[in-house]
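J.: Coordinates only, no sequence provided:
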């Protein structure tokens, strides 16, 4: 049974479904919305025992068999581990969304994109083919863009969305190049086959391919120096921030690294890149988090820190590192999503999530307070939460390395992890104290609009409780959930025995110490915030990025002015003269053939001569026309004569198309010229003579090139094939149409995509500020007319205003 | 922009031209016609309405789906291509043939694809035509308004 494909189709189909049923009408849809991801979660949970025994589910579908492309899906330990997080948290988010957008008409659209993302993300972790993975990867980038830019009229949102899109898709393109290099070297894009290729780690192409893949992973997972897009993405509605930008999408890069781990982790390049980049990102994110008073920005930097941690852990090939990795992924998803969801509830209820304006929320929303405190316990790593276990394992990894072989690496890791952790403890205590417990806000406080209902808080509470008590029962599922994932990352079977309590080991004491120092950080928070504010701005990668983008825009502007700054006619002359040069070159290359052509020309019949004369007449009328309107219509005559040629030579489809295009373009041109300034008097000057020369030259040499093309045939003509197979393969007798929609469907798809983009461009261009302001002026003119005592307008003024049009 | 004769022409001709467009589309796979041509014909029919009654009345008549039609067409074309996966690969065609009395009817994914082409063409053409005629109307209204004001100021 194609279960994996069905799950993906279910989620993809749910997307338009929830858009069309307009779910903002009732909260009942919250339950319905949670249903599809919940169903996929249950299905995956049922597969766990089989996966734990080492089975894998593989499904392969032909995409373009002749090109050897396929969609390959594979459910192994790592895929199901991430898949469960995606759909499990996805169900909670879908439920929460109904409350967050209660009564909002755009709720349906949010669901559309959210489900699109969920399906893409699930496809990404289930993919067993590099190109399949890439397609789903881009799917998550685009849906993420749409979700960040959800508040389309808020500049912060659109800017943040564009940054996120540019950074992640640029990385994605680099990654695609890496994938292609890897795939061509191995001769297959199948991930399992690539990973199983012997000696792949030491192949000559590996350093290049791996660097490109790293770029993709690091941009997606917000590693230094690309971390800046993630805080900017916090302009997204909170369900999206909680889901995409903390629990799932940003882990796609980490996931990719985990996938590649078995084949490449033995390389020095792998270890040092991941260790240094991940470690630095971890410290940077952790330390930065204390600076922010926006709850979501604070949480975003804490997320950056955890992503850095995960990347750093993947550098190692140690037992504790693997264990810390999987537990951290789960623990982080279970505490960070509720924290974000709670921030969204606060935002919803108070109208702000700025800590400076908040105080004493514990009284008005006690359930939210409980949720946040429990999640914070897990985030700070207080026994017995899952966060505690994660931190213990990570410190243990550093400690073991330090004790045994690698003193430098182990020591560095130990210190860095502790440093990042204590700042994160400090910032989460700050969040709880300032938001929920203190009596007086720093600034004028916000007031409660309406208290959150229980259904709004329930998803966050559920996830938090799982994260808090989940570690107590970890022995019940450690070998079911974690062991297969570790086996997939390390490439060797794993057997787990997690213990929460090890006695007063050095690691446990460090953990306690981190908590204690975290309180000191909390106490010094105002000092630290002021200190951070003094750091020069130009060091931040956001500013560097923005200045690069600005420079590109500026360069493009200068280049456009340089090339296209002059009026239309000289520009067209340059282009046409270039065409003449190309034609001359073609004739020069084919001198002998040209002579042959001239000899073999047939004398056309009388009807051809007549049409020819009509065309020349039309062309002359166009050139001689005294007004634009008559010029356009005469040009139409030329077009129609071309149509007649098509009729004459038995090409009815072309003739029909040409005729319709002529009609529509005449209408379009009339409409365009209606808006353009009245004609300046057309003069016969020297420039006009030059343009005449250009036109004649272009016409003559264009004719010559067509003739040369006609006799110079490279290879065998494909026409007989189409004529022969049109009915047997394409089921149609109109060969032109069969070619368009069947034989060359790919081409047509590309063409109509361009048409669609042209429509979008026209839509945006024709509502540009210029026209908008014109319309405002017209409305103003109308308004003035309707009022009594309209200000006097002189004939002079009228003339100038009309002239400005 | 509302001319009485044009309105009459619009009333009589527009439905006929749209019927011709449908006709051209349906026969397109076997005889001259097809999605691209049918789309252009339909766009000309709607342009007739724009010329006769103005952009706003046209929007009212054809509903809010006129501009998103281009996107809808792309979705239809992509769906047709994806359905091909069932037939062995992306863009593979699938045909259903059956008989109504003695006449053979056939439906296939290439026709759905062609429908998508038609929608994109209509959507694209009308985006420009509607926008430009709106702008042209605005200019005309503005000129009229200014002329009126000039008249008033002379009085």
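T.: Received the coordinates, thanks. Predicted model only: the values in this text are computed from it and were never measured.
J.: wait, residue B:34 sits on residue B:28?
T.: Yes. The criterion here is CB atoms under 8 Å, and residue B:34 meets it with residue B:28 at 3.2 Å. Placement of C-beta: from N, CA and C, glycine included.
J.: which residues do those two both contact?
T.: Residues touching both residue B:34 and residue B:28 (CB atoms under 8 Å, 6 or more residues apart in numbering or on different chains): A:734, A:737, B:114.
J.: out of those residues, which is most surrounded?
T.: residue B:114 (31 neighbours; other CB atoms under 10 Å in any protein chain shown).
J.: list the contacts for it?
T.: Residues in contact with residue B:114 (CB under 8 Å, 6+ apart) are A:737, A:740-741, B:25, B:28-29, B:34-35.
J.: Kindly report the same for residue A:400.
T.: Here residue A:400 is in contact with A:318, A:320, A:410 (CB under 8 Å, 6+ apart).
J.: quick one: secondary structure of the last one?
T.: Per DSSP: H, G, I helix; E, B strand; the rest coil, the secondary structure class of residue A:410 is helix.
J.: What is the burial count for it?
T.: Considering only other CB under 10 Å, residue A:410 is surrounded by 20 other residues.
J.: Please enumerate the strands of chain B.
T.: B:95-100, B:103-108 (DSSP state E).
J.: which one of the contacts of residue B:114 sits closest to residue B:89?
T.: Lowest distance from residue B:89 to the contacts of residue B:114 (CB to CB) belongs to residue A:741, with 16.2 Å.
J.: who are the neighbours in contact with that closest one?
T.: Per CB under 8 Å, 6+ apart, neighbours of residue A:741: A:748, B:29, B:34-35, B:110-111, B:113-114, B:117.
J.: okay if I get those residues as JSON lines plus distance to residue A:194 and pLDDT?
T.: Formatted as JSON lines, those follow (distance: CB to CB, whole Å; pLDDT from 0 to 100):
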{"residue": "A:748", "distance to residue A:194": "34", "pLDDT": "90"}
{"residue": "B:29", "distance to residue A:194": "43", "pLDDT": "82"}
{"residue": "B:34", "distance to residue A:194": "44", "pLDDT": "86"}
{"residue": "B:35", "distance to residue A:194": "41", "pLDDT": "87"}
{"residue": "B:110", "distance to residue A:194": "36", "pLDDT": "86"}
{"residue": "B:111", "distance to residue A:194": "40", "pLDDT": "87"}
{"residue": "B:113", "distance to residue A:194": "34", "pLDDT": "90"}
{"residue": "B:114", "distance to residue A:194": "40", "pLDDT": "91"}
{"residue": "B:117", "distance to residue A:194": "39", "pLDDT": "92"}
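J.: Filter these down to the ones in helices?
T.: Under the assignment DSSP state H, these contribute A:748, B:35, B:110-111, B:113-114, B:117 to helices.
J.: right, and the pair among these with maximum separation?
T.: Pairwise distances across these peak at 13.1 Å for A:748 and B:111 (criterion: CB to CB).
J.: Closest to residue A:765 out of the contacts of residue A:741?
T.: residue B:117 (23.4 Å).
J.: So residue A:423 is in contact with residue A:289, correct?
T.: Yes. Contact status for residue A:423 versus residue A:289: in contact at 6.3 Å, counting by CB under 8 Å.
J.: pLDDT of stretch A:580-600, averaged?
T.: For stretch A:580-600, mean pLDDT rounds to 74.
J.: Actually, stretch A:414-427.
T.: 88.
J.: Counting neighbours, which bits of that stretch end up buried?
T.: A:414, A:416-427 (16 or more other CB atoms under 10 Å in any protein chain shown).
J.: Kindly report the same for stretch A:474-482.
T.: Buried residues in stretch A:474-482 (16+ other CB under 10 Å): A:474, A:478-479, A:481-482.
J.: thinking again about what came up before, out of the strands of chain B, which one sits most buried?
T.: strand B:103-108 (a mean of 12; mean count of other CB atoms under 10 Å in any protein chain shown).
J.: do you know how far the residue nearest to residue A:437 when sequence neighbours are not counted is from chain B?
T.: Spatial nearest neighbour of residue A:437, chain neighbours left out: residue A:362 (5.7 Å); criterion: CB to CB, 6 or more residues apart in numbering or on different chains. As judged by CB to the nearest CB, to the nearest Å, residue A:362 and chain B stand 48 Å apart.
J.: out of the ones in helices among the contacts of residue A:741, who's nearest residue A:656?
T.: Checking those against residue A:656 with CB to CB, the nearest one is residue B:35 at 12.3 Å.
J.: so what's the closest one up against?
T.: Contacts of residue B:35 (CB under 8 Å, 6+ apart): A:740-741, B:25, B:28, B:113-118, B:121.
J.: Where does the prediction get shaky in chain B?
T.: Applying pLDDT under 70 to chain B flags residues B:1-2, B:155.
J.: Dead centre of it: give me the residue that sits there.
T.: residue B:122 (3.5 Å; CA atoms, centre = their mean).
J.: That one touches residue B:46, doesn't it?
T.: Yes. Shown here, residue B:122 and residue B:46 form a contact pair, counting by CB under 8 Å, at 7.5 Å.
J.: How about the contacts made by residue B:126?
T.: Residue B:126 is in contact with B:43, B:46-47, B:66-67, B:69, counting by CB under 8 Å, 6+ apart.
J.: so which of the residues you listed are also by chain A?
T.: Subset of the contacts of residue B:126 in contact with chain A: B:43, B:47, B:67, counting by CB under 8 Å from any CB of the partner chain.
J.: Which one (most neighbours) among those?
T.: For the ones next to chain A among the contacts of residue B:126, neighbours tallied by other CB under 10 Å; top is residue B:43, 25 neighbours.
J.: Since that was my last question, I'll sign off now.
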